[in-house]
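fold the following.
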Amino acid sequence: MIRNKANSRSITATDLQLSAKGAATLRRIEALQRLMPSETSRASLAARMGEQYKGVRKVYEALGYPEEQDLTFSYFLNKWDRQDIATSVINKPVNKTWSGILNVTEEGALEGESVLAKEWKELNRRLKVKKELVKLDALDGIGQYALLLFGFNDVQNKEQFKRPAGKKLKLNYIRAISEGTSKVVEWEEDSSNERFGQPKFYEIEIGQPTDNENTTLITNIKIHHSRILHVASGSLTSNIYGRSRLKSIVNRLEDLEKLLGGSAEMYWRGARPGYHAKPDENYKMTTETEDALDEELDKYEHDLRRILYAQGIDLKSLETQISDPKGHVEVQHEAIAAETGIPKRILVGSERGELSSSQDKDQWLGLIADRRENYAEPEIFEPFIDKCMDHGILTEHEFTIIWSDLFAQSEKEKVDIGKVRADALETYLKSPLAVELFPIELGIKHFLGLNKDQIEEFMENVDVEALKEDESMKGIEEELEEENNTNSIPSTNSNGKHKL
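Below is the predicted model of the structure:
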C-alpha cells in the first residue's frame, strides 16, 4: 500500500482497476519503496564519510577532498587523463594483463591447429579484437562499468539496433563504450525471464565528425542488450554498476596533487629570495619613482631578471624557505601501492632506474595472473567468445583460452641458469663417489633440474662414459699435481738453511 501525501488517500490495486499495466506499475512502485531505504542509507553513510565528533569535525571538507556526489565518471576520467599515478594505476595492470599472445582453441586440440583457433586468429587480425578489449578493461576501471558494442551486419539504420540480434551473422566492428556516453534506459521487468532485473535497452552516444574539425555531431542510439557485452567489476552488491578502481585512492591522489604542485610552487616562490625595501631617510618617492620601482619588481618576479634598479631604496634579501617533499610523497605512494597491490617500485619506478627486485616481480606477476584468472578471462574474454559463438561469428565448440606465459624466463635468466647447471655438472662429474652413489640419470635430474625429455636428449647426444672418464682423470691429475706441489716445497733447518 502507498500513501499519497497530497490527500492522505490510500492507493491500492483496485484504484488501478487491476489492469495488467496498472498492476505492473504498482509492483514497480512497491519494489522501489523496498529499495529506497537501503539506497538512502548508503547515500547517507557516504555523505557522512570523513566526519568526526558527530559531524562537528568534517575532516574531508577541511582537507579539500571531493564529496561523494562529485565522484562522477568525468572526475575519474580527468584523473586518469591528467594525473600520472592515476594513469599508472589503470594502465599498468591492464596492459600487462593483455600483453603477449592470446589464443583460443578447441578443447583438447593443439594450439593453432583447430578450426576455432584459425577463426579466432582471423577475427582478431581483422577487427583488432584484443586492442578493443584492452580499452574495455581500462574504461571499466575508470568508471562503474563499460560496454562492448557488437556491430553485426543485420543493421542498416539506427532504428534496427533496437531489434534482438539474430543468428549466423557477420561481425563488422566492435567498439568499447564508456559509462560517460551510455546509460540503461529500460530494464527487464518480467520475473519469469532469466534476465529479470538486468538491462533490456541501452542508450549510447555516438560521435560523428563534421566538416568543422572542432565540432562533433552527437547521435543517441537505443540498442537491444543482445548487441552489448556489459562489464562491471569491484562492487559487492551489483553486477550492473561496479566501482572505479580509482575511488579508494581518491584522497591519496588529491594529497599527491597538493604535495607535488605545492612543492613546485614553493620552489618557484621560495628558491628566489624575496626582498625587503627600505627607503633612505632623506629620500622622497614620487608617483613616477613608485611606478618605476613597481615595474622593476614585476620584471624581477615574473621575467626572472636578476638585476633591480632601485634609486633611494635599500633592498635586503629575505631568507629562502624550501623543504624536501620526498618523504611525504613516498608515504602517499606506499598507501596507493598497498591498496592497489601494485609494488611501489613498479608503480613509480626506481629513483636510480634499477630493475625491480625479484620479490617485487613475483608479487606483480602473481597479481596479473590472478587478474587474468578471475577477471579478464571470465568477465571479458569468455563472454566475448560465447557471444561470437551465439551469433555464428565463431564455430560453437568447447574451447580453451591460451595466454602467454607470465613467468617465462628472460634471456638473462636463461644464461644465468645455464651457467649454474654447467658448474653443477662439472662438480658432479669430478667426484667419483658422487657418480657411484648417484647414476648419471639421477644426477642430471636432481642436480640440474632437467625433466624427462631433457634427460633423454642429454643421454642420446652425450658420451656419458667418456665424459665421466675424462672428468675423473682430470680430478686425479689435479690431485697428483697438488700432492707433487706439496712434496716439492723445500724445508728449512733451525739455522734457516734449506735442507736438500
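
show me what contacts Arg175?
Contact analysis of Arg175 by C-beta atoms under 8 Å, 6 or more residues apart in numbering lists 132, 148-149, 151. From N, CA and C alone the C-beta is placed, and that goes for glycine too.

ok, so of the residues you listed, who is nearest Glu67?
Leu148 (31.9 Å; C-beta to C-beta).

just to revisit the earlier point, PyMOL command to pick out the buried ones of the contacts of Arg175?
The following PyMOL line selects those of the contacts of Arg175 that are buried, judged by 16 or more other C-beta atoms under 10 Å:
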select buried, resi 132+148+149
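
among the contacts of Arg175, which are in helices?
When DSSP state H is applied, those are split such that Glu132 fall in helices.

ok, the contacts of Arg175 vs Met389, which is closest?
Checking these one by one against Met389 (C-beta to C-beta), the nearest turns out to be Leu148, at 15.3 Å.

ok, that closest one to Ser317 distance?
Here Leu148 is placed at a distance of 62 Å from Ser317 (C-beta to C-beta, to the nearest Å).

ok, now Glu339?
In terms of C-beta to C-beta, Glu339 sits 45 Å off from Ser317.

and for Arg252?
Relative to Ser317, and taking C-beta to C-beta, Arg252 is found at 38 Å.

what of Leu293?
For Leu293, the distance to Ser317 (C-beta to C-beta) stands at 16 Å.

between the two, tell me which one has more neighbours.
The neighbour comparison of Leu293 against Ser317 (other C-beta atoms under 10 Å) goes to Leu293, with 20 against 10.

what helix or strand is that one on?
Taking DSSP states H and E as the criterion, Leu293 maps to helix 287-302.

what's the helix or strand immediately after that helix in the chain packed up against?
Per DSSP H and E, the first helix or strand lying C-terminal to helix 287-302 is strand 313-317. Applying 3 or more C-beta pairs under 8 Å, 6 or more residues apart in numbering; DSSP states H and E, one finds that strand 313-317 contacts strand 275-279.

grab the longest strand from the protein for me.
Ranked by residue count and defined by DSSP state E, the top strand of the chain is strand 199-209.

excluding chain neighbours, what is closest to the residue nearest to the spatial centre of the chain?
Compute the mean C-alpha point of the chain, and by C-alpha atoms, centre = their mean the closest residue is Pro93, 2.9 Å away. Spatial nearest neighbour of Pro93, chain neighbours left out: Arg371 (6.2 Å); criterion: C-beta to C-beta, 6 or more residues apart in numbering.

outside of the helix or strand hosting the one you found, which residues touch it?
Following DSSP H and E, one finds Arg371 within helix 358-371. By C-beta under 8 Å, 6+ apart, the residues outside helix 358-371 that reach it are 93, 96-97, 341-343, 345-346, 356, 406-407.

what do you get if the cut-off is 6 Å, keeping everything else the same?
Contact partners of helix 358-371, identified using C-beta atoms under 6 Å, 6 or more residues apart in numbering, comprise 96-97, 341, 343, 345-346, 406.

tell me the buried residues in it?
Across helix 358-371, burial judged by 16+ other C-beta under 10 Å covers 360, 364, 367-368, 371.

can you list the residues you listed in CSV and add distance to Arg163?
Shown next, in CSV, are the buried residues of helix 358-371 (distance: C-beta to C-beta, whole Å):
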residue, distance to Arg163
Asp360, 51
Trp364, 45
Leu367, 42
Ile368, 40
Arg371, 36
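
nearest to Tyr241, of these?
Of all the buried residues of helix 358-371, Arg371 has the smallest distance to Tyr241: 20.7 Å, by C-beta to C-beta.

which helix or strand lies directly C-terminal to the helix holding Arg371?
Downstream of helix 358-371, the next assigned helix or strand under DSSP H and E is helix 382-390.

return the list of strands paired to the next helix-or-strand element following that next one, each annotated with direction.
Next along the chain after helix 382-390, taking DSSP H and E as the criterion, comes strand 399-403. Paired strands of strand 399-403, with direction, are strand 102-106 (antiparallel) (DSSP bridges).

what mean pLDDT does the strand it pairs with have?
Summarised as a single mean, pLDDT over strand 102-106 is 94.

and for that strand, what's in contact with it?
If you take C-beta under 6 Å, 6+ apart as the criterion, strand 102-106 is touched by 111, 114, 116-117, 120, 130, 397, 399-402.

quick one: the strands in the stretch 1-150 of the chain?
Shown for the stretch 1-150 of the chain, the strands assigned by DSSP state E, counting those that start in this stretch span residues 2-4, 9-11, 51-52, 57-58, 102-106, 146-152.

how about Asn172, secondary structure?
strand (DSSP: H, G, I helix; E, B strand; the rest coil).

how many neighbours does it have?
13.

didn't it look like it was pressed against Asn153?
Yes - at 5.5 Å, Asn172 counts as touching Asn153 under the criterion of C-beta atoms under 6 Å.

now the angle from the longest strand of the chain to strand 146-152?
Relative orientation of strand 199-209 versus strand 146-152 (axes from the mean of the first three to the mean of the last three C-alpha atoms, to 10 degrees): 80 degrees.

and the next helix or strand after strand 199-209, what's its mean pLDDT?
Once strand 199-209 ends, the next helix or strand along the chain (criterion: DSSP H and E) is strand 216-224. On average, the pLDDT along strand 216-224 is 86.

which of the residues in strand 216-224 are buried?
For strand 216-224, a neighbour-count test (16+ other C-beta under 10 Å) marks 221, 223-224 as buried.

so it versus strand 199-209, what angle?
Going by the same axes, to 10 degrees, strand 216-224 makes 160 degrees with strand 199-209.

lowest-confidence helix or strand of the chain?
strand 2-4 (a mean of 40; mean pLDDT, DSSP states H and E).

measure the residue lying closest to Pro325 once chain neighbours are set aside to Thr97 for me?
Excluding the flanking residues, the one nearest Pro325 by C-beta to C-beta, 6+ apart is Ser263, at 4.1 Å. To Thr97, Ser263 is 34 Å away according to C-beta to C-beta.

neighbour count winner among these two?
Neighbour tally, Ser263 and Thr97, criterion other C-beta under 10 Å: the higher count belongs to Thr97, 22 against 18.

contact partners for the more buried one?
368, 371-372, 376.

at 8 Å what do you get?
The contact partners of Thr97, by C-beta under 8 Å, 6+ apart, come to 137, 368, 371-372, 375-376.

could those residues go into CSV alongside distance to Glu460?
Formatted as CSV, the contacts of Thr97 follow (distance: C-beta to C-beta, whole Å):
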residue, distance to Glu460
Asp137, 47
Ile368, 38
Arg371, 42
Arg372, 38
Tyr375, 45
Ala376, 42
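
closest one of those to Pro432?
Distance to Pro432 across the contacts of Thr97 (C-beta to C-beta) is lowest for Ile368, with 47.7 Å.

per-residue pLDDT, the nearest residue to the closest one once chain neighbours are set aside?
Among residues not flanking Ile368 along the chain, Lys96 sits closest, at 4.9 Å (C-beta to C-beta, 6+ apart). At Lys96, the model reports a pLDDT of 97.

tally of neighbours for Lys96?
18.

could you do Phe161 as well?
21.

which residues are in contact with the residue nearest to it when sequence neighbours are not counted?
For Phe161, ignoring the flanking residues on the chain, the nearest one in space by C-beta to C-beta, 6+ apart is Ile223 at 4.5 Å. Residues near Ile223 by C-beta under 8 Å, 6+ apart: 149, 161-162, 201-204.

how close does Glu426 sit to Ala146?
With C-beta to C-beta as the criterion, Glu426 and Ala146 are 57 Å apart.

more neighbours: these two, which one.
Using other C-beta under 10 Å as the criterion, Glu426 and Ala146 rank with Ala146 on top: 25 against 11.

mind checking pLDDT for that one?
Looking at Ala146, the pLDDT reads 98.
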